[in-house]
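Undergrad: Could you look at this predicted model? Sequence included:
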Amino acid sequence: MSSIAERLRPVIEPIVEAEGASLVDMEYVKEGPDWFFRVYADTPEGITLDDCAQISEKVSDKLDSLQPDPFPEAYYLEVSSPGAERPLRSEADIEGAVGKYVYFSYYAHQHGQKDHYGTLTKVTDVHYVLEIRNKTRTSQIEIDKNAVAQARLAIEF
């Protein structure tokens, strides 16, 4: 997350929560000649386009009122769903994904691989337990929490 997004989290999160959603992630990125400030929000039932529009309006009003302006460049504000393969950024996000199909990539190989897809079955103090499938065989593996570089929900085919 960019430092601008980190600094704005305490400002944006209460607005999103007041609308009955949770703040999943934010990013401030340059794409081509344009800058984008993206806010990803979700609810347990899924977020609607109307929800995103309502949050966008309130976030926009708040950002316009901030002095000094935290953005060094003109930007486009986007509020959207994090999508079906939403990132799992925090330990609470990962714990909430128990029973779901996930993707983990690693800093260093785990069980001979740089990444795994599987169903997260358990979270312990030091490991994530994944149920993985290799052709017709299913097994459980323990992944060292400190080895995980990226975690996200995944779509199972």
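TA: Received the coordinates, thanks.
Undergrad: Number of residues surrounding Met26?
TA: Using other CB atoms under 10 Å, the number of residues around Met26 comes to 22. Yep, even glycine has a C-beta here, placed from its N, CA and C like the rest.
Undergrad: any idea which element it lies in?
TA: Following DSSP states H and E, one finds Met26 within strand 22-31.
Undergrad: what packs against the helix or strand that that strand is followed by?
TA: Sequence order places strand 34-42 as the next helix or strand after strand 22-31, per DSSP H and E. For strand 34-42, the packing partners by 3 or more CB pairs under 8 Å, 6 or more residues apart in numbering; DSSP states H and E come out as helix 3-18, strand 22-31, helix 49-65, strand 76-80.
Undergrad: Strand 34-42: which residues count as buried?
TA: Using 16 or more other CB atoms under 10 Å as the test for burial, strand 34-42 gives 35, 37-42.
Undergrad: Also stretch 77-97?
TA: Buried residues in stretch 77-97 (16+ other CB under 10 Å): 79-82, 86-89, 93-94, 97.
Undergrad: Give me the subset of the residues you listed that lies in strands.
TA: Mapping the buried residues of stretch 77-97 onto strands (DSSP state E) picks out 79-80.
Undergrad: Dump the buried residues of stretch 77-97 to TSV, plus distance to Tyr106.
TA: Putting the buried residues of stretch 77-97 into TSV (distance: CB to CB, whole Å) gives the following:
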residue	distance to Tyr106
Val79	32
Ser80	28
Ser81	27
Pro82	22
Arg86	19
Pro87	16
Leu88	14
Arg89	17
Asp93	18
Ile94	14
Ala97	17
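Undergrad: Of the buried residues of stretch 77-97, just say which sits nearest to Ser60.
TA: Nearest to Ser60 among these: Val79, at 8.9 Å, using CB to CB.
Undergrad: Any idea which of the helices and strands packed on strand 34-42 gets closest to Asn134?
TA: strand 22-31 (31.2 Å).
Undergrad: elements contacting the closest one?
TA: Using 3+ CB pairs under 8 Å, 6+ apart, strand 22-31 is in contact with helix 3-18, strand 34-42.
Undergrad: any chance of these in a markdown table, plus mean pLDDT?
TA: What follows is the helices and strands packed on strand 22-31, written out as a markdown table (pLDDT from 0 to 100):
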| stretch | mean pLDDT |
| --- | --- |
| helix 3-18 | 95 |
| strand 34-42 | 96 |
